[in-house]
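Colleague: what shape does this take:
(chains A and B)
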Amino acid sequence: MMYPWRGEFTLGSQDSQIAIDTLSSKMDFPPELVAIWGQHKTENLGIEKIVANVVSNPNIRYLFLCGEEVRGHRSGQSLMSLHANGIDGNGRIIGANGAVPYIENIGSEAIARFREQVELICMIGETHLPAIVKRIHEIAAARKPPIGEPLIMEFAERRTSERMKSLSGKISFHKDLLVDPYLDVEVMEAEKC
Amino acid sequence: MLNFSTEQAIVELGDIRLGGQPGQLPTVLFGTAFFGKKYASPDAAALEEIREFIRAQEALSGMTGNPAIVDIYLGDCESIPGRLELVLEELPKNRFISVDVPESDVRRKVIEYAGQVGISHRIILNSLNLAAESGELDALREHPPGCAILLGYNPKDFSVDGRIDMLETGAGYLEKGLLELSQELGIKNVLLDMGATPFEHSAAETLRAIPVMKNKWGRPVGCAIHNTVESWLWMKQYRKDHKSEYLACDAGSNALPVMLGADFCVYGPIRNSGTVFPFVAMVDKFMAEGAEDYFGITQDDNHPRRKLG
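Modeller: Alright, predicted model coming up:
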């Protein structure tokens, strides 16, 4: 399945080799020129979605970064750092200045493939659509072959704890917190004293 | 509605008190100023608008009894003095202000600036988190703020246990947990923020963590649950033509942590105070009545229960 991770994106031509990250700016592009585009707010989960979706389409060989940078999160700078440097042993994007630039839900295989698959076209700060479209035309002329097979990263299922059930009429919130809705108030006040 | 068997600390920040048992004190509401493109390089009109938002939040706080904190978004170093000065001009002299600073290097500068101008004791650092770098920690040690929000966000594990791990041990990202770290840095007051996550990223664990952490540590807890609503994909489309419905969901989300025992809510843009304050005041009234009916906890005259008959 192409683009397996849900997100705020628009799909264009499946044959296009261009994906566009518009960062905090809302933009639309001619669908015949671009495979997928959308905004990108966060320097962790947002980057994971972009990587997972890009590697699912081997036709994508160029990733444009344009629009206004996301203040504080530095999502564009963080994505460029991931592409240039990868992550350290703790999952931190090396060289990223964003608030919490950690990659935890996609594996090293996907990151390596992403770094090999796409060339970044940095136009961070550019919001003038004609200037970006002009650059798209220039890049589209230098067509690269697809990079092989799609790499599909399944969206990591939420971690679930061991299934719990309420015990002896108590309500279970968590393994460390059971609530007794019928607790005698007198007993409780005695405990407080 | 609920009561914890562990003793619940009450934290005093200037003229504001928060914590205690659910229903005891009104929920403290943090409204964020200067967030959004419009305020990145604000002109005179935008600055005046910010002042009006702060005054409106103060007026709503006075009316409902829900204490208000101005949370100042700071995305760069250049804006630090101007924004802090503007907000301080609008507030009582002993009121704390919160500084919402995503980047560690900018946090360092804010902490240093606050120390230089003598307002460290009125600062709530939002937040001390896993991305704190050595320069920031050195600045904190030299100029400890009056309060810090400790962020339970743990990118490796969004479960309640993962969030607890961040506060207790540092979850492998830090050499020690944020609780111990804040103590070492000399920060006297801390608030625990569960670190709201989006839907399908264990959003409900943000809420579950509220009673679990409050029960575990007996300290004030809260979160910015509106972020979960803001990042909801379906809502991003729906809100384009249904702004008032979106604002209802945005404000309404704050009921969830408060019902589970939260002491504070970081409710998002300060311009939304008009919707959020009456809503949370209403929830506080339910919680207060429930606390008295069943646990004998009473409220003073400044509680929404008393002020908003």
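Colleague: alpha carbons only for contacts and neighbour counts from here, please
Modeller: Fine.
Colleague: strands of chain A, start to end?
Modeller: For chain A, the strands defined by DSSP state E cover A:9-11, A:18-21, A:36-38, A:62-67, A:119-124, A:171-174, A:177-179.
Colleague: how about those strands in TSV, adding distance to chain B, mean pLDDT and mean neighbour count?
Modeller: Formatted as TSV, the strands of chain A follow (distance: least, Cα to the nearest Cα, whole Å; pLDDT from 0 to 100; neighbours: other Cα atoms under 10 Å in any protein chain shown):
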stretch	distance to chain B	mean pLDDT	mean neighbour count
strand A:9-11	10	96	15
strand A:18-21	17	98	28
strand A:36-38	13	97	23
strand A:62-67	12	98	23
strand A:119-124	16	98	17
strand A:171-174	7	76	16
strand A:177-179	6	77	16
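Colleague: which of these sits closest to residue B:209?
Modeller: strand A:171-174 (8.7 Å; Cα to Cα).
Colleague: confirm for me that residue A:106 is in contact with residue A:52.
Modeller: Yes - because the distance of 7.4 Å satisfies Cα atoms under 8 Å, residue A:106 is recorded as touching residue A:52.
Colleague: contacts only, for residue B:194.
Modeller: By Cα atoms under 8 Å, 6 or more residues apart in numbering or on different chains, residue B:194 lies in contact with B:151-153, B:163, B:206-207, B:209-210, B:221-223.
Colleague: of those residues, grab the buried ones for ChimeraX.
Modeller: If you want just the buried ones from the contacts of residue B:194 in ChimeraX, going by 16 or more other Cα atoms under 10 Å in any protein chain shown, the selection is:
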select /B:151,152,153,163,206,207,209,210,221,222,223
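Colleague: redo the contacts of residue B:194 as a markdown table? Include distance to chain A, pLDDT and secondary structure.
Modeller: Below are those laid out as a markdown table (distance: Cα to the nearest Cα, whole Å; pLDDT from 0 to 100; DSSP: H, G, I helix; E, B strand; the rest coil):
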| residue | distance to chain A | pLDDT | secondary structure |
| --- | --- | --- | --- |
| B:151 | 11 | 98 | strand |
| B:152 | 12 | 98 | coil |
| B:153 | 9 | 96 | coil |
| B:163 | 13 | 97 | helix |
| B:206 | 12 | 97 | helix |
| B:207 | 10 | 97 | helix |
| B:209 | 9 | 96 | helix |
| B:210 | 10 | 97 | helix |
| B:221 | 16 | 98 | strand |
| B:222 | 17 | 98 | strand |
| B:223 | 17 | 98 | strand |
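Colleague: picking up where we left off before, what do residue A:106 and residue A:52 both touch?
Modeller: residue A:153.
Colleague: between the two, which one's more packed in?
Modeller: residue A:52 (26 against 18; other Cα atoms under 10 Å in any protein chain shown).
Colleague: now do the contacts for the residue lying closest to the more buried one once chain neighbours are set aside.
Modeller: Leaving out its chain neighbours, the residue that sits closest to residue A:52 by Cα to Cα, 6 or more residues apart in numbering or on different chains is residue A:153, at 5.9 Å. If you count contacts by Cα under 8 Å, 6+ apart, residue A:153 has them with A:4, A:52, A:56, A:106, A:110.
Colleague: give me the neighbour count for the closest residue to the fourth one other than its chain neighbours.
Modeller: This points to residue A:106. Excluding its sequence neighbours, the residue lying closest to residue A:106 (Cα to Cα, 6+ apart) is residue A:48, at 6.6 Å. Neighbours of residue A:48 under the rule other Cα under 10 Å: 23.
Colleague: roughly how far does residue A:48 sit from residue B:218?
Modeller: 36 Å (Cα to Cα, to the nearest Å).
Colleague: can you give me the helices in the stretch 51-200 of chain B?
Modeller: B:80-90, B:104-117, B:134-142, B:160-168, B:178-184 (DSSP state H, counting those that start in this stretch).
Colleague: tell me which of those is the most buried.
Modeller: Among the helices of the stretch 51-200 of chain B, ranked by average contacts under mean count of other Cα atoms under 10 Å in any protein chain shown, first place goes to helix B:160-168 (a mean of 23).
Colleague: list of residues touching that helix?
Modeller: By Cα under 8 Å, 6+ apart, helix B:160-168 touches B:130, B:150-154, B:156-157, B:171, B:176-180, B:194-195, B:205-206, B:208-209, B:212-213.
Colleague: count of neighbours near the residue lying closest to residue B:225 once chain neighbours are set aside?
Modeller: Among residues not flanking residue B:225 along the chain, residue B:196 sits closest, at 5.5 Å (Cα to Cα, 6+ apart). By the criterion of other Cα under 10 Å, residue B:196 has 24 neighbours.
Colleague: just the C-alphas of the longest helix along chain A, formatted as PDB.
Modeller: Scanning chain A for the longest helix, with DSSP state H as the assignment, gives helix A:129-141. This file holds the C-alpha atoms of helix A:129-141, laid out as PDB (Å, rounded to 0.1, in the frame of the first residue of the first chain):
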ATOM      1  CA  LEU A 129       4.600  29.500  -5.700                       C
ATOM      2  CA  PRO A 130       5.900  30.400  -9.200                       C
ATOM      3  CA  ALA A 131       9.500  30.200  -7.900                       C
ATOM      4  CA  ILE A 132       8.900  26.700  -6.500                       C
ATOM      5  CA  VAL A 133       7.100  25.500  -9.600                       C
ATOM      6  CA  LYS A 134       9.900  26.800 -11.800                       C
ATOM      7  CA  ARG A 135      12.400  24.700  -9.700                       C
ATOM      8  CA  ILE A 136      10.100  21.700 -10.000                       C
ATOM      9  CA  HIS A 137      10.200  21.900 -13.800                       C
ATOM     10  CA  GLU A 138      14.000  22.100 -13.600                       C
ATOM     11  CA  ILE A 139      14.300  19.100 -11.400                       C
ATOM     12  CA  ALA A 140      11.700  17.100 -13.300                       C
ATOM     13  CA  ALA A 141      13.900  17.400 -16.400                       C
END
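Colleague: show me what the mean pLDDT comes to for it.
Modeller: Averaging pLDDT along helix A:129-141 yields 97.
Colleague: tilt between that helix and strand A:119-124?
Modeller: 170 degrees (axes from the mean of the first three to the mean of the last three Cα atoms, to 10 degrees).
Colleague: residues of helix A:129-141 that come out buried?
Modeller: Of the residues in helix A:129-141, those buried (16+ other Cα under 10 Å) are A:132, A:136, A:140.
Colleague: number of residues surrounding the closest residue to residue B:95 other than its chain neighbours?
Modeller: Distances taken as Cα to Cα, 6+ apart place residue B:14 nearest to residue B:95, at 5.4 Å, with adjacent residues excluded. Residues lying near residue B:14 (other Cα under 10 Å) number 14.
Colleague: the one 4 residues further on too?
Modeller: Residues lying near residue B:18 (other Cα under 10 Å) number 23.
Colleague: likewise residue B:235?
Modeller: 15.
Colleague: ok, now residue B:73?
Modeller: With other Cα under 10 Å as criterion, residue B:73 counts 25.
Colleague: look up phi and psi at the residue at the greatest distance from the centre of chain B.
Modeller: For chain B, the residue at maximal distance from the C-alpha centroid (Cα atoms, centre = their mean) is residue B:241, at 29.3 Å. Main-chain torsions, residue B:241, degrees, to the nearest 10: phi -110, psi 0.
Colleague: so how far is residue B:248 from it?
Modeller: Distance from residue B:241 to residue B:248, by Cα to Cα: 14 Å.
Colleague: again, but for residue A:4
Modeller: Distance from residue A:4 to residue B:248, by Cα to Cα: 31 Å.
Colleague: and the stretch 101-250 of chain B, which residues reach chain A?
Modeller: Within the stretch 101-250 of chain B, the residues that sit near chain A (Cα under 8 Å from any Cα of the partner chain) are B:101-104, B:130-131, B:155-159, B:172-173, B:200-202, B:208, B:212, B:215, B:233.
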